[in-house]
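In: 3D, please:
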Amino acid sequence: TARNDADKVEHFDAPEILSKKVKQLAQLVRDSEYMIGFTGAGISTAAGIPDFREPEGVHKEVAERFLLPDPLSLFDAHYFVTNPLALCLVARSLLPGVHAPCRSHRFVRALEERGKLLRGYTENIDGLEAAAGVERVVACHGTVASATCLACKHRVEWRGAGAQPDLRKLEAAEEAPRCG
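Out: Next up, the predicted model:
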């Protein structure tokens, strides 16, 4: 179940610093005819998704569970081919509906609705910009909203009418699903 706004805790700068930044941003938005947005992990940590680079973040947890040589092995194609379960479990925690977009995601959507956003670019794979309704977004590192089998090329969607939530069953799995 997606978390709602009342359930989540967002982290902010000190009030005086935040106030100054918001005023500066508001002025930039007012003065700009068009904007390009760039987002990364910070925008989704407010939605409850741990930063992958934090010492106690997802990298460490997955690296310890799967005895990865390096936490970044999680995203290495060669490692994935031999041990896909680690990435599948991380992807499962990011499937559409697990986390709800936060204020920052909705702000990007508001820029788009007002015709100011030319294009948004995100490093995040969580799909929260799309969940917020942002249409002009490029997920630079891909998204967990779909996956394609490397062997048989079968594509699985986890969003929309044809959603197939196979990865939701991975919590107790000993290995990743494979082709039949």
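In: from now on I want contacts and neighbour counts done on CA atoms only, so please keep to that.
Out: Noted.
In: so what's the residue count around His105?
Out: Residues lying near His105 (other CA atoms under 10 Å) number 22.
In: then Leu18?
Out: Around Leu18 there are 12 other residues, counting by other CA under 10 Å.
In: ok, now which ones touch the spatially most central residue of the chain?
Out: What sits nearest the mean C-alpha location of the chain, by CA atoms, centre = their mean, is Asp126, with 1.9 Å. Neighbouring residues of Asp126 by CA atoms under 8 Å, 6 or more residues apart in numbering: Leu94, Leu95, Pro96, Thr143, Val144, Ala145.
In: what segments of the protein are strands?
Out: Ranges of strands in the chain, per DSSP state E, are 35-39, 117-122, 137-139, 146-148, 155-157.
In: which one of those strands lies closest to Phe80?
Out: With respect to Phe80, and counting by CA to CA, the nearest of those is strand 146-148 at 12.9 Å.
In: parallel or antiparallel, which strands does that closest one pair with?
Out: The strands beside strand 146-148 in its sheet (DSSP bridges) come out as strand 155-157 (antiparallel).
In: quick one, what contacts the nearest residue to Cys140 once chain neighbours are set aside?
Out: Of all residues not flanking Cys140 in the chain, Glu123 sits nearest, at 5.4 Å (CA to CA, 6 or more residues apart in numbering). With contact taken as CA under 8 Å, 6+ apart, Glu123 is in contact with Thr39, Gly40, Ala41, Ala139, Cys140, His141.
In: model confidence score at the closest residue to the first one other than its chain neighbours, please.
Out: What that stands for is Thr39. Distances taken as CA to CA, 6+ apart put Thr122 closest to Thr39, at 4.7 Å, once the chain neighbours are dropped. Note on Thr122: pLDDT of 94.
In: can you count the residues close to Thr122?
Out: Using other CA under 10 Å, the number of residues around Thr122 comes to 21.
In: repeat that for the one 10 residues further on.
Out: The local packing of Ala132 (other CA under 10 Å) involves 19 other residues.
In: what residues does the lengthiest helix in the chain touch?
Out: When the chain is parsed with DSSP state H, its longest helix is helix 15-31. The contact list for helix 15-31, computed with CA under 8 Å, 6+ apart, reads Phe12, Met35.
In: mean pLDDT lowest where, among the strands of the chain?
Out: Ranked by mean pLDDT, the strands of the chain end with strand 155-157 at the bottom, a mean of 74.
In: what about the residue nearest to Gly115 when sequence neighbours are not counted, distance to Ile43?
Out: Among residues not flanking Gly115 along the chain, Tyr34 sits closest, at 7.5 Å (CA to CA, 6+ apart). From Tyr34 across to Ile43, the span is 21 Å (CA to CA, to the nearest Å).
In: look at those two and report which has more neighbours.
Out: Ile43 (22 against 15).
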